[in-house]
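Novice: A predicted structure for the sequence below; I have some questions about it.
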Amino acid sequence: MKDTVVGIGVVGAGAIGMRGAMAHLSMPDVQDRVRLAAVCDPVPGRAKAAAEKYGVAAAYESYEELLADPNVDAVTICSPIGLHYEQGIMAIKAGKHVHFNKTMTTRVDEADEIIRLAKEKGVHVVASPGMMLHPFNQRIRRLILEGQLGKLSWAIAGTSAGSGQYHLSEEYRRGNDVLTNINPGWYFKKPGGGPQYDVTVYCLHNLTGILGPAKRVTAFSGISLPEREFLGQTITNEMDDSTILLIDFGDAFYAVVYATIAGDITRGFSPNIYGTKGAIIGTKFGDRELRLPEDHQPHVTGEHAKMPESHVFEDIMQLVDCILYNRKTVASAEHARHVIEIIEAGYRSAETGMAQELKTSFEPLPLEMLCV
């Protein structure tokens, strides 16, 4: 067990860095385990303003300066997704533990290198989103493992929330100061933009966490809206904003996962799962609601439960537990890698017109570790 608190470096003072990391980690109830050691952001004055707002010990404009800070034990990478791999490798080489906001990387070979290097350097890696930390997801998996749905037939999950409009309208985008004029243009650019890496990742972590690893993927994908408007400026959209995945879990059980510009038919990121004896619809099994009022992720208690992006805070605290107590977490790099492969294989299938075999895997939660 580590005998000191963990110094966290927040990489990026954007929307997630502020409301997912700094707002939560500055709360009094976690100061016995965590301190906000540093924040960095390349926009002049942004890191300094964020540090003053949230009580962060040091502010830097360069990532290299943050990594050189001896008070930084671990980083939470809150930068645009296309930067995650490079910044993760730099952190691991510097001996820092790493929490990746979703998605950990954009390619499987990058995820392989993150996992390999972290093991070589002896540092912990936690990768968002830790969807199986939610008790209701564990109850859904329990029902399936116990056979209460019968023979599984098919499933569907998805959302239109990733079309980009949400990011164009966030409260951090349309203000006049350095903390509220954050440009969302990266979301529409390669390699890390688009709804697959931003929101489908939640659906896929839910599906695979509940059902286990997938075997094959096929897909259709394209750009529905080639241009978007932001504060009078036109943003050219480079990333597909409409993708339909068809995922083969084996034994003639298939799942549809949609990311579209309109038309939600499922509840949030939760899947509908249909079997011969019954169905899970969102978080309900028949008349039984599986998401209970008292449910919370392990660290999301008190004020944290009322704050935005509490799931990001939870995943950061999973890393803190790994460091302090050498615990394992279900928000693993291996699970994230499998989801990354599904996304990458989906794009490849859409380009080639051929189903793609999946090669990665991970260990889903066993029955004895699931909530009742």
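Specialist: Done, it's in. Numbering: from 1, shown residues only.
Novice: can you map out the helices along the stretch 151-300 of the chain?
Specialist: Counting by DSSP state H, counting those that start in this stretch, the segments of the stretch 151-300 of the chain that form helices are 165-169, 195, 201-211.
Novice: mind listing the strands for the stretch 151-300 of the chain?
Specialist: Secondary structure of the stretch 151-300 of the chain by DSSP state E, counting those that start in this stretch: the strands cover 152-159, 216-222, 227-230, 233-236, 242-248, 254-259, 272-275, 279-281, 284-285, 288-289.
Novice: Pipe those into a markdown table and attach mean pLDDT per row.
Specialist: Formatted as a markdown table, those follow (pLDDT from 0 to 100):
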| stretch | mean pLDDT |
| --- | --- |
| strand 152-159 | 97 |
| strand 216-222 | 98 |
| strand 227-230 | 91 |
| strand 233-236 | 93 |
| strand 242-248 | 98 |
| strand 254-259 | 97 |
| strand 272-275 | 98 |
| strand 279-281 | 98 |
| strand 284-285 | 98 |
| strand 288-289 | 97 |
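Novice: Select, out of the ones you listed, the one closest to A331.
Specialist: strand 152-159 (18.7 Å; C-beta to C-beta). Heads up, the C-betas are built off the backbone N, CA and C, glycines and all.
Novice: how far is that closest one from where the chain is centred?
Specialist: Its chain's C-alpha centre and that of strand 152-159 lie 20 Å apart, by C-alpha atoms, centre = their mean, to the nearest Å.
Novice: Point out where this protein drops to low pLDDT.
Specialist: 1-3, 162-164 (pLDDT under 70).
Novice: per the record, what domains does it have?
Specialist: Here the domain assignment for the chain is 6-127, 132-294+332-369, based on automatic domain parsing.
Novice: wait, which of those domains is closest to D321?
Specialist: Nearest to D321, of the domains of the chain and by C-beta to C-beta, is domain 6-127 at 8.5 Å.
Novice: distance between the ends of that closest one?
Specialist: 18 Å (C-alpha to C-alpha, to the nearest Å).
Novice: hang on, the earlier thing: ranking the domains of the chain by burial, who's on top?
Specialist: The highest mean neighbour count among those, using mean count of other C-beta atoms under 10 Å, belongs to domain 6-127: a mean of 21.
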